[in-house]
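> make a model of this:
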Amino acid sequence: MGLEIRVGLLLYGRSELKLLKGKCIELDDEGKIVGVGANCSPYTVDLGASTLLMPPLCNGHVHVFDLGVADRWEN
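Numbers count the residues shown, from 1 in each chain. Next up is the predicted model:
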């Protein structure tokens, strides 16, 4: 049993993001989106009309260990 939330604005899509307004998002137990629709159940968590949900726009992180291993064999 997952969770259903209502948001004001949602950027949604895989290769091209679309702006959706006033949608309900159904999440599974792992927090993954399994459905997006206009109709919500009575048990929906409403995050408010000014809420914007969007995916991360980049995968910005650093692997510090990779830098250390690369420097080890330079000398």
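
> the helices in this protein, which residues?
Counting by DSSP state H, the chain has helices at residues 64-72.

> what residue ranges in it score low on pLDDT?
Scanning the chain for pLDDT under 70 picks out 1, 66-75.

> most centrally placed residue in it?
Nearest to the mean C-alpha position of the chain, counting by Cα atoms, centre = their mean, stands residue 55 at 4.2 Å.

> okay, and the beta partners of the nearest residue in space to residue 17 that is not next to it in sequence?
Computed as Cβ to Cβ, 6 or more residues apart in numbering, the closest residue to residue 17 that is not its neighbour in sequence is residue 11, at 4.5 Å. (Each C-beta comes from the backbone N, C-alpha and C, glycine too.) Judged by DSSP bridges, the bridge partners of residue 11 are residue 19.

> from residue 41, how far off is residue 11?
From residue 11 across to residue 41, the span is 23 Å (Cβ to Cβ, to the nearest Å).

> neighbour-wise, which of these two wins?
For residue 11 versus residue 41, neighbours defined as other Cβ atoms under 10 Å are more numerous around residue 11 (13 against 9).

> wait, doesn't the more buried one sit right on residue 21?
No. Checked against Cβ atoms under 8 Å, the pair residue 11 and residue 21 is beyond contact range at 11.0 Å.
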